[in-house]
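Visitor: Pasting a predicted model and its sequence here:
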Amino acid sequence: MAKEIDRSKEIDMTDSKKAISLGLYDIDSVIKYYFDNVIQPTVGGQDGKAPVPIIYASPEKWKSISKGGFLRDSKGKIQLPAIAYQRTSMENSIIGTKVDVNNPLVQSYQRAYSSKNKYDNFSRLNSRAPIREFTNIVIPDYVKLTYECIIWADYIAQLNLIIEDINYSANQYWGNDRLKFLSKISSFATSLVSESGEDRASKATFTVEMNGYIIPNNIQKSLSNFMPKENKFTTEEMEAVSSIKTSFEELTFKFGQIELEIQNLELEKAKLREELISVKANESKTIAGITTKYGDGTLDPETGVFISK
């Protein structure tokens, strides 16, 4: 069996010019991813719990299932337990704005920094200009998708366990790390299916309604027309820009030196203020001692003579 590809994981935004598309195949893959990696339905047996296989049925396979009632492998053997699903309808949603092929709504934005778009000291010292990276986003086409699903199991007890696992995830956002869509399950219908002979199984059917969106590939092909226009500066213009940049860097350095000197002067000023406080305290202490000993009066600092009042 060929390995299934999850295209939702292939969406990459690291190229300098990248157009993102999202189709029905991507949304179909999201359901299988969610079944396999989040819901993870299992049934118990003699060898412990075993995962329930999930397949997306092609139109031919779905027709065979509808006619025979069972999911069979290439040898005609019934596969139990199993889950099969198929997209049966798509409706236009009233949410959002319909994509206009002739005049799509596109938003182009430039990425700030990345592994290719660096702005560091090494780049500045070597006058290396960063690579400009743009990503185009087009307003998507919102749709409502319907999926018919069938569960088969050997016994009703196994069928109940699978239904419980799936119902626990009903009315939630199904998807992976990149894509998530609101999915609703209204009800489950159970029955016993059998053919002439020994083939019989417990069966349940349910419908998944998913609110999704589509970004057609043909819309993306024309997004290059919406890229910002780039003009290359002349040598004289680049020299003028470089001169201004150099002047700003020199002024920034000088301002830094002045600020450093100011900080040093502030420290020196604070130190002198502390010394002044200490001198004034010593003066007050000395005057208090003289007053206590000689009383109030006047001291001649030249002769040392104290005249009492």
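Guide: Received, thanks.

Visitor: So Ala170 versus Tyr142, what's the distance?
Guide: To Tyr142, Ala170 is 21 Å away according to CB to CB, to the nearest Å. All C-beta atoms are positioned from the backbone trio N, CA, C, and that covers glycine.

Visitor: again with Thr207
Guide: 20 Å.

Visitor: Pass me the low-pLDDT residue ranges in the protein, would you?
Guide: 1-20, 45-48, 66-70, 73-74, 76, 94-137, 194-199, 218-231 (pLDDT under 70).

Visitor: ok, 50 please
Guide: 1-2, 5-18, 196 (pLDDT under 50).

Visitor: Quick check: can you list the domain ranges of it?
Guide: 7-226, 235-308 (automatic domain parsing).

Visitor: Need these in CSV (columns: mean neighbour count).
Guide: CSV is the format used below for those (neighbours: other CB atoms under 10 Å):
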stretch, mean neighbour count
domain 7-226, 15
domain 235-308, 10
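
Visitor: name the element Ile83 belongs to?
Guide: strand 82-92 (DSSP states H and E).

Visitor: That strand packs against which elements?
Guide: Packed against strand 82-92, as judged by 3 or more CB pairs under 8 Å, 6 or more residues apart in numbering; DSSP states H and E, are the following elements: helix 24-34, strand 54-56, helix 59-68, strand 141-153.

Visitor: can you rerun that using 10 Å?
Guide: Where contact means 3 or more CB pairs under 10 Å, 6 or more residues apart in numbering; DSSP states H and E, strand 82-92 is packed against helix 24-34, strand 54-56, helix 59-68, strand 141-153, helix 156-167, strand 200-214.

Visitor: Phi and psi next, for Ser58.
Guide: phi -70, psi 160 (degrees, to the nearest 10).

Visitor: Am I right that it is in contact with Arg87?
Guide: No: the criterion here is CB atoms under 10 Å, and Ser58 misses it with Arg87 at 11.0 Å.

Visitor: Between helix 24-34 and the strand holding Ile83, find me the angle.
Guide: Strand 82-92 runs at 140 degrees relative to helix 24-34, counting by axes from the mean of the first three to the mean of the last three CA atoms, to 10 degrees.

Visitor: send the alpha carbons of strand 82-92 over as PDB?
Guide: Below are the C-alpha coordinates for strand 82-92, written out as PDB (Å, rounded to 0.1, in the frame of the first residue of the first chain):
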ATOM      1  CA  ALA A  82     -12.600  -0.800  10.500                       C
ATOM      2  CA  ILE A  83     -13.700   2.700   9.700                       C
ATOM      3  CA  ALA A  84     -14.300   4.100   6.300                       C
ATOM      4  CA  TYR A  85     -15.300   7.700   5.300                       C
ATOM      5  CA  GLN A  86     -16.000   9.600   2.100                       C
ATOM      6  CA  ARG A  87     -16.700  13.300   1.300                       C
ATOM      7  CA  THR A  88     -20.200  13.400   0.000                       C
ATOM      8  CA  SER A  89     -21.000  17.100  -0.500                       C
ATOM      9  CA  MET A  90     -19.600  20.600  -0.300                       C
ATOM     10  CA  GLU A  91     -21.600  23.800   0.200                       C
ATOM     11  CA  ASN A  92     -20.600  27.400   0.000                       C
END
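
Visitor: need the helices for this protein, in chain order.
Guide: Ranges of helices within the chain are 24-34, 59-68, 121-125, 156-167, 217-221, 235-294, based on DSSP state H.

Visitor: okay, those helices in JSON lines with distance to Pro41 next?
Guide: Formatted as JSON lines, those follow (distance: least, CB to CB, whole Å):
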{"stretch": "helix 24-34", "distance to Pro41": "11"}
{"stretch": "helix 59-68", "distance to Pro41": "18"}
{"stretch": "helix 121-125", "distance to Pro41": "52"}
{"stretch": "helix 156-167", "distance to Pro41": "5"}
{"stretch": "helix 217-221", "distance to Pro41": "33"}
{"stretch": "helix 235-294", "distance to Pro41": "62"}
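
Visitor: Nearest to Asp177 among those helices would be which one?
Guide: Evaluated over the helices of the chain, closeness to Asp177 peaks at helix 24-34, with 9.9 Å, by CB to CB.

Visitor: Just list whatever residues bridge to Met183.
Guide: Not Met; residue 183 is Ser. Counting by DSSP bridges, Ser183 is bridged to Gln172, Met210.

Visitor: give the contact list for it.
Guide: 30-31, 34, 145, 147, 169-175, 208-212 (CB atoms under 10 Å, 6 or more residues apart in numbering).

Visitor: I'd like the distance between Leu209 and Ile65.
Guide: Quick fix: residue 209 reads Glu, not Leu. 21 Å.
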